[in-house]
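J.: return a 3D structure for these sequence lines:
(4 chains)
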Protein chains: 2
Amino acid sequence: MAGVSIATVSNVFSGRKVVTPELSARVNDAARALSYQVDRAASQLKSGRAQVVGVLVPNFNDTFFTSLVSRIEQLAAAVAYQVIVVSSQDDEAVEAARLDALMGWRPSGIIAVPATNTVPQLLRREFANLPIILVDRVGQDDLAVDTVTVDNHAAGWEAAQHLLDCGHRSIAIASSVSAFRPIQDRIRGVADCCAARGVPAPRVIEVGINHESGAEILGEWLNANQHPTAIIAMTNVTTLAALSALARGSLEIPDAISLIGFDDYTWMTARKVPLTAVRQPIDQIADRTWARLMSRIQGSAELPESIVLAATLQVRSSVARLA
Amino acid sequence: MAGVSIATVSNVFSGRKVVTPELSARVNDAARALSYQVDRAASQLKSGRAQVVGVLVPNFNDTFFTSLVSRIEQLAAAVAYQVIVVSSQDDEAVEAARLDALMGWRPSGIIAVPATNTVPQLLRREFANLPIILVDRVGQDDLAVDTVTVDNHAAGWEAAQHLLDCGHRSIAIASSVSAFRPIQDRIRGVADCCAARGVPAPRVIEVGINHESGAEILGEWLNANQHPTAIIAMTNVTTLAALSALARGSLEIPDAISLIGFDDYTWMTARKVPLTAVRQPIDQIADRTWARLMSRIQGSAELPESIVLAATLQVRSSVARLA
DNA sequence: CCGCCCGAGTTAAACGTTTCACTGTGAGTT
DNA sequence: AACTCACAGTGAAACGTTTAACTCGGGCGG
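T.: Residues are numbered from 1 along each chain as shown, chains lettered A, B, ... in the order given. Here you go, the predicted structure:
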């Protein structure tokens, strides 16, 4: 219809070779008239390049992950990449299956938040062939690949420090699953800070990854034990669980118990007592991850890097200043 | 390596023709040894079938949408479909661009939550060719396409009814953007219920789409006007805005003012006074949407259907019972 | 004026599947 | 015994791009 060869059409849309404005316009007009669109399947099959990155997250319930995905999707769209998001539902078997399906796309790269500390076998096998960036839940031994994490130890330390500065000496930690590396690090951060200041070690209560059951577990624990003067929650779901448990036990924040939340969302400020919380720099995590992935895709052969970003404490009103 | 033809390999993996267990096993063994995987691009190119459905949502910040996506992704994976999620970032231009990119995948179907009342042109053009289900933000009801929505009028009515039953006669509505069809319907529902019971019409305050500025607008309105005894929020952001405004004005819920929120998020129960709220049946929305899409993909030629699901009022403690 | 080069466009061969039409083989039927 | 049929497997032609190798002219230096 435009009176040109197939190759010219390809050149117009891919921009690989210069086409005179005249022809280019004719091709575009024809394309519009026929609502023609480059077929990704054919394009990908022939070129081997996919313009696709796979993103694996443990679930869509934690706002941390959805925010991450949201940002990555934006960054990708800006450079005409498509994102394929899969969720492992916090299950290693599902993770393997989804990852397998993901590989069928022949993605240019993968951004993965593993469901557990152990990197999926499927992914480990691809380390050499495929740009892969591990985010957040990264175990100790993953030095063969780029990682982006938050300095969880410092985050825990900072939260504890604030509490100690406010005179608290009896601290409890509401942990989700202490086996996860980031959680471990946060707990160690709190513990190390307490130790450095000669304060008794914090008690750790594991409440799981579900808000409802977490609230119950924590509530029971509060009933059965002497109350600490402050609680540090290790994730945003545990923050919610702590909030629920305290509300049900009619324990005022911060008068009865102080609370430091993890992650920083709008609902935390929409309360009579806005929450003091540890904010993870989600956008920055996404940005650094994306930048690293792109440079790998473009062939960078640098040694694997462990990017560690700083979390910051947002001081608001949920921590009491003790005499 | 398995000593069979390419066609047989295809048959083994697609299951379109029977292959003797003997050969099938040999093919599978070889595949494992070579870590062979069917190339989606080639498969799709040749067959024209994509085993992909596109999902368009306005954003990833609203749990309503992420929950929807999460559920759809699960349903899809169960039948070996892949989901490609794109976000319009509540912007019509972005929406058009993302939709365009989506079409390049030649998806088998599309599930879309439009960013505005107007169905994207790109989508409208495909109504005849491609199974499309519109969800939630659906404008006019004369569309030639399947829709899945919540009965927003009834949802508004039910919220109002609960307030009236509790003795409230002075109701304000915190609306986001009254131009959106679902918001309109909710407001009408409240107004119609009030009218039916001979109660003064509710006042509507538009607080916009942003939590912070919404809280300010609502706070100023509360300062300048005689307080209603109850507020119904029309979206989750307005719920948050109302919560912030009331907290800043030191207006206790429900003693000073009662509040009904919209959408049912976990944080709504994690408070001293858990929020009474209108819950949309997200899983059911996803299930019905998926079922409808699958039947369309399988060639159902029924007339377009408007599936309307019921929202339910979750009565908790944020509405005062007046004398 | 000749030869060369360069840029713009075209030709045609892949890419890795799916699928239609085909071959052979063995069982069932007359 | 001859025929038919079902069944399992194979051969080979697409699918719609990308891309290397090519053609064709016009401009330029010698």
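
J.: what about the residue of the stretch 201-323 of chain A found nearest DNA strand C, neighbour count?
T.: In the stretch 201-323 of chain A, no residue comes nearer to DNA strand C than A:Ile297, which is 19.5 Å away by CB to the nearest atom of the strand. From N, CA and C alone the C-beta is placed, and that goes for glycine too. Residues lying near A:Ile297 (other CB atoms under 10 Å in any protein chain shown) number 18.

J.: what's the first helix or strand after the helix or strand A:Leu259 falls within?
T.: Applying DSSP states H and E as the criterion places A:Leu259 in strand A:258-262. As assigned by DSSP H and E, the chain's next helix or strand after strand A:258-262 is strand A:276-279.

J.: and that next one, which strands flank it?
T.: Strands that pair with strand A:276-279, judged by DSSP bridges, come out as strand A:258-262 (parallel), strand A:312-314 (antiparallel).

J.: return the most buried member of these.
T.: strand A:258-262 (a mean of 27; mean count of other CB atoms under 10 Å in any protein chain shown).

J.: list the contacts of it.
T.: The contact list for strand A:258-262 (CB atoms under 8 Å, 6 or more residues apart in numbering or on different chains) reads A:159, A:162-163, A:166, A:168, A:186, A:229-236, A:238-239, A:242-243, A:246, A:253, A:268, A:275-278, A:280, A:313, A:318-320.

J.: now, those that are in helices?
T.: A:159, A:162-163, A:186, A:236, A:238-239, A:242-243, A:246 (DSSP state H).

J.: looking at these, spot the one nearest DNA strand D.
T.: A:Asn236 (42.1 Å).

J.: give me the neighbour count for the residue nearest to that closest one when sequence neighbours are not counted.
T.: In space, and not counting its chain neighbours, A:Asn236 is closest to A:Asp263: 3.8 Å by CB to CB, 6 or more residues apart in numbering or on different chains. Close neighbours of A:Asp263, defined as other CB under 10 Å, add up to 22.

J.: please apply the same query to A:Ile187.
T.: Residue crowding around A:Ile187 was assessed by other CB under 10 Å; the count is 20.

J.: output the ones in helices among the contacts of strand A:258-262 in TSV; the columns should cover neighbour count, pLDDT and distance to DNA strand D.
T.: Listed next are those as TSV, based on neighbours: other CB atoms under 10 Å in any protein chain shown; pLDDT from 0 to 100; distance: CB to the nearest atom of the strand, whole Å:
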residue	neighbour count	pLDDT	distance to DNA strand D
A:Ala159	29	98	51
A:His162	20	98	55
A:Leu163	29	98	57
A:Arg186	31	97	46
A:Asn236	26	91	42
A:Thr238	30	95	48
A:Thr239	30	96	47
A:Ala242	32	96	52
A:Leu243	29	96	52
A:Leu246	24	96	57
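
J.: domains of chain A?
T.: Chain A breaks down by automatic domain parsing into domains covering A:6-38, A:49-151+A:282-309, A:152-281.

J.: before we move on, back to that, give me the pLDDT value at the residue of the stretch 201-323 of chain A closest to DNA strand C.
T.: Each residue has a pLDDT score; the one for A:Ile297 is 91.

J.: A:Ala215 too?
T.: The model reports A:Ala215 with a pLDDT of 95.

J.: same check on A:Ser250?
T.: 93.

J.: with adjacent residues omitted, what lies nearest to it?
T.: Leaving out its chain neighbours, the residue that sits closest to A:Ser250 by CB to CB, 6+ apart is B:Lys272, at 7.4 Å.

J.: quick one: the closest residue to DNA strand D within the stretch 101-250 of chain A and A:Pro228, what's the gap?
T.: Going by CB to the nearest atom of the strand, DNA strand D is nearest to A:Ser108 of the stretch 101-250 of chain A, at 13.1 Å. According to CB to CB, to the nearest Å, A:Ser108 and A:Pro228 sit 49 Å apart.
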